[in-house]
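Student: What follows is a predicted structure for the sequence shown.
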Amino acid sequence: MNGRVVAINISRYKGVRKGTVETAILRESYGIEGDAHASSEGHRQVSLLSVESIQRMRELGVDVGPGDFAENITTDGIDLRRLPVSARIGVGDTVELEVTQIGKTCHSRCAIYFQAGCCVMPDEGIFARVVRGGTIRIGDGISVRLQGG
């Protein structure tokens, strides 16, 4: 499976939409520098959502784009929903992520849910830890390797 980075999104605060940046530094066992969700604690250091998922929300009439679901990396060409926990995701020349969680529990309904009656992040977003750090850029290639394969 191969894809590309459509957007890199960060925010200094949790619970808000993220702004897009051209490049980002990912630190091993930490996450994206400058992002509120980066932490050496826990397994959700980086979040990913596909542009295809965002497009499904647009088709429901919701005006959304990359970063609006608070995802760190917006991808194209990879069906993230089908990746198993432990899959490895290579981004650019050096970064390697390990999938740690598929979807998430949405404890409180977000603004997007109230607009559309649903939200893709709880079912289609994935979370990962940074196995090997480095710099990523919009347009970088993404490759997926399943453990044991």
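Tutor: Structure received.

Student: Out of the helices and strands in this protein, which is least certain?
Tutor: Taking mean pLDDT, DSSP states H and E as the measure, the chain has helix 111-116 as its least confident helix or strand, at a mean of 48.

Student: Contact partners for the residue nearest to the spatial centre of the chain?
Tutor: Taking C-alpha atoms, centre = their mean as the criterion, Leu48 is the residue nearest the geometric centre of the chain, at 1.3 Å. Neighbour list for Leu48: Glu71, Asn72, Ile73, Thr74, Thr75, Leu80, Ile89, Leu97, Gly125, Ile126, Phe127, Ala128 [criterion: C-beta atoms under 8 Å, 6 or more residues apart in numbering]. From N, CA and C alone the C-beta is placed, and that goes for glycine too.

Student: Of those residues, grab the buried ones for ChimeraX.
Tutor: Those of the contacts of Leu48 that count as buried under 16 or more other C-beta atoms under 10 Å are selected in ChimeraX with:
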select :71,72,73,74,75,80,89,97,125,126,127,128
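
Student: Any idea which of the contacts of Leu48 the model trusts least?
Tutor: Looking at the contacts of Leu48 by pLDDT, the weakest one is Gly125, with 85.

Student: The residue nearest to that one when sequence neighbours are not counted and Ser29, how far apart?
Tutor: Residue nearest to Gly125 in three dimensions, not counting chain neighbours: Leu49, with 4.6 Å by C-beta to C-beta, 6 or more residues apart in numbering. When distance is defined by C-beta to C-beta, to the nearest Å, Leu49 is 22 Å away from Ser29.

Student: tell me which element Arg56 is part of?
Tutor: Under the assignment given by DSSP states H and E, the secondary-structure element containing Arg56 is helix 51-59.

Student: For that helix, buried residues please.
Tutor: Going by neighbour count (16+ other C-beta under 10 Å), the buried part of helix 51-59 is Val51, Glu52, Ser53, Ile54, Met57.

Student: just checking, the residue nearest to Gly125 touches Arg81?
Tutor: No. Under the contact definition of C-beta atoms under 8 Å, Leu49 does not touch Arg81, with a separation of 9.9 Å.

Student: between those two, who's got more neighbours?
Tutor: Leu49 (27 against 16; other C-beta atoms under 10 Å).

Student: Off-centre distance for the one helix or strand that one maps to?
Tutor: With elements taken from DSSP H and E, the one containing Leu49 is strand 46-50. Between the centre of strand 46-50 and the centre of its host chain there is 1 Å, according to C-alpha atoms, centre = their mean, to the nearest Å.

Student: Great, nothing more from me.
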